[in-house]
Every structure is written in structure tokens, then in C-alpha cells.
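J.: I need the structure of the sequence given here:
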Amino acid sequence: MNEELKKINYNEYKRRLKKLSEEITKEKKKKTIHKDKQNENILKLEEELKKLNELYNGKNNDNNTIIEQNNYNDNNMIPDNLYSYNVISKKSLKNKAKMKKKEMEEELNEQSRSKIGEEEYNKLLEILKIKNQTIYSIAPDGNCLYESIIHQLKQRIKNFKYSKNNFLQIINQDNFSLNIIDLKNYQQNKHILDFSIFESFDPNHLTSDILRFITSVYILQNSDLFANFIYEYTEQDINDPCYNYCQQIMNGIYGYKMKKSEIEITALSNILKKKITVQDINMSVSYGENYKEELFICFHHKLYTLGKHYNSVIDL
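T.: Got it, this is the predicted structure:
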């Protein structure tokens, strides 16, 4: 039996692995006009690495020698993967994680769709195609209305004057979170939030939580415009139905009895000073007819088994 095969253990393996990893990384970073030679060197080093892995795992060429595999686990790194861990940058790992998350979301979307929902989706596609438009899918994560609006703003609004810093100054906070918001403060003081900045607000700084917040405050401070609609969809014995409704928006559990979230869309239209047109398989409805700039979203009644859903609409 080869003496080298007998003696290799995890510490020796790790030492050689580190050295080879550093050499490969160093070789790849070299700036040279002799690319062929550089590639040849890299291939040689990678071949050495392959042999080292086979050596450690007992996979020598004659397949007759079995080396006891060390089950040592260092910071959850499996020895076979140490090389990958060393040379793959954090950015690459982050990108892989994003791709994996996106794949999982797409798989979830497909699993959630009902047969009736698919028929509705295809019918809506045909309606939009006549208008030279199509559907841009938004994740069914409970924020679809707000994410559809944000996507539309990013697509159609290019000029803006205000950013998240302006928003944070207005609410007098270093950072924003729905957890730190007390709606009572905004119900009692109608001058505490300046909505005018959102007419020209950088959409890249918007989040669904920010839109939930400003929508809730707007409805709360203009309850006379929405009271009749809110009372229709709330329990009669609830104290202060408007406040309760707005708190539900903040918590993401609102509108379960409503058809199309008309209250929220009306509020968003008035805040953003944008006409918002909603298309479904039956009709097209616009909110904020007096506003010049227009956003387009679509509404699905039965696309997902989890409930109603909004998507963004883009031009073909």
C-alpha cells in the first residue's frame, strides 16, 4: 500500500487544500498575455486538487485501497466542499441564494395556481394583448398590490425629487419599520406626515411596508372619504372601524371581504397623484381619472388557491 495514502488525514488534507486553493486563486488573478500558459497552469492545479480529493476520500486509481474517511466537520463545511468554499466569493454565494429563492418562488407560484385560475390568466393575457400589453408576474406573498404599484413606478416614472432620507426626516426616524409605528399619533395629528413628497418620490426607495404605512395614514386622516365603504366591510360592534381597518392594512390582514381593494387603490392614487388602471377579465377600472400619469395593474380573482392576486402590466 502506498505510504502516502496511509498517512493522509484531515489536517494534512486541509493544509494541502488551502495551499492549492491559494495557488489557483493567485493564478486566476494574474494579468498576462500568455493566456494559454495560464490556462494550462490552472488545469494542472485543478487536476492536483482532484487527485487530493480522491486521495482523501480513498478513491485511488486501483480502487483496492480504502482510506478511513474523516468525518470531521469544521464550521459546517464538508471536506469535499472546502475548495468551493474557499474560492467562491461571497457575491457568488449571494447570487446563488437569490437564484435559488427565485426558483422556489416560481415553483410555489406554479403549485398554487388552480386550473380555473390558469384559464382566467390566459383570458386576461388575450385582453391585454389587444391593448399591446402583457402581464408582469408579482410574487403572491401578501404584498402583491403594493409590489405591483412599485414595479409600475419603476417602469414609468423617471423624474423624481425625493428619497428615503426625506421620508425619514418627516417621520423623525433613523430607520423605518412598521413595528415602530403607532397609528394613533397620525390619527391625532394630521400635519405630522407630508404626503406631497410621494408625487415625486424615488421608486427605488419605496417598499411595500412604506406604501402600507402611508396608505393607512391617508385613509385614517381622510376617514370621511372612506367611512361608508369601510363600515360595509367591518363588523358592526368594532370600536373605531376606520382605525381598525388601517391597522389591518399595516398588519397585512386586511380586505378579505373586498373584491379589489378599492379603498387602498383610491388612497394610493391620491397619494402618488397617479391614475391607476386595474384590468381584470370583466372590465377595466381607473382610479384618479384627473391625474396625468397612469399606472397599470391587473387583478386575478382565482389565479392562486391562496386568494385574490395583483400583477403588474407592461407594454409589449
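J.: Residue 247 touches residue 213, doesn't it?
T.: No - using C-beta atoms under 8 Å, residue 247 makes no contact with residue 213, being 11.4 Å away. Where C-beta positions appear, they are placed from N, C-alpha and C, glycine not excepted.
J.: More neighbours: which of the two?
T.: Using other C-beta atoms under 10 Å, the more surrounded residue of residue 247 and residue 213 is residue 213, with 23 against 16.
J.: On the three-state scheme, the more buried one is what?
T.: Three-state call for residue 213 (DSSP: H, G, I helix; E, B strand; the rest coil): helix.
J.: Distance check, it against residue 187.
T.: Using C-beta to C-beta, to the nearest Å, residue 213 is found at 13 Å from residue 187.
J.: again, but for residue 307
T.: Counting by C-beta to C-beta, the gap between residue 307 and residue 187 amounts to 29 Å.
J.: now the strands for the chain?
T.: Taking DSSP state E as the criterion, the chain carries its strands at 133-136, 275-279, 284-287, 294-304, 307-315.
J.: Please identify which of the ones you listed is closest to residue 202.
T.: Residue 202 lies closest to strand 294-304 among the strands of the chain, at 15.8 Å (C-beta to C-beta).
J.: Flag every buried residue along that closest one.
T.: Residues of strand 294-304 classed as buried: 295, 296, 297, 298, 299, 300, 301, 302, 303, 304 (neighbour count, 16 or more other C-beta atoms under 10 Å).
J.: follow-up on the earlier one: okay if I get the strands of the chain as a markdown table plus mean pLDDT and distance to residue 142?
T.: Listed next are the strands of the chain as a markdown table, based on pLDDT from 0 to 100; distance: least, C-beta to C-beta, whole Å:
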| stretch | mean pLDDT | distance to residue 142 |
| --- | --- | --- |
| strand 133-136 | 96 | 18 |
| strand 275-279 | 97 | 18 |
| strand 284-287 | 95 | 21 |
| strand 294-304 | 91 | 11 |
| strand 307-315 | 91 | 9 |
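J.: could the ones you listed be laid out in a markdown table, adding distance to residue 147?
T.: Formatted as a markdown table, the strands of the chain follow (distance: least, C-beta to C-beta, whole Å):
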| stretch | distance to residue 147 |
| --- | --- |
| strand 133-136 | 10 |
| strand 275-279 | 14 |
| strand 284-287 | 18 |
| strand 294-304 | 10 |
| strand 307-315 | 8 |
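J.: which stretch among those comes nearest residue 263?
T.: Of the strands of the chain, the one closest to residue 263 (C-beta to C-beta) turns out to be strand 284-287, at 10.3 Å.
J.: ok so, going back, among residue 307 and residue 187, which residue is more densely surrounded?
T.: For residue 307 versus residue 187, the count of surrounding residues by other C-beta under 10 Å is larger for residue 187: 18 against 15.
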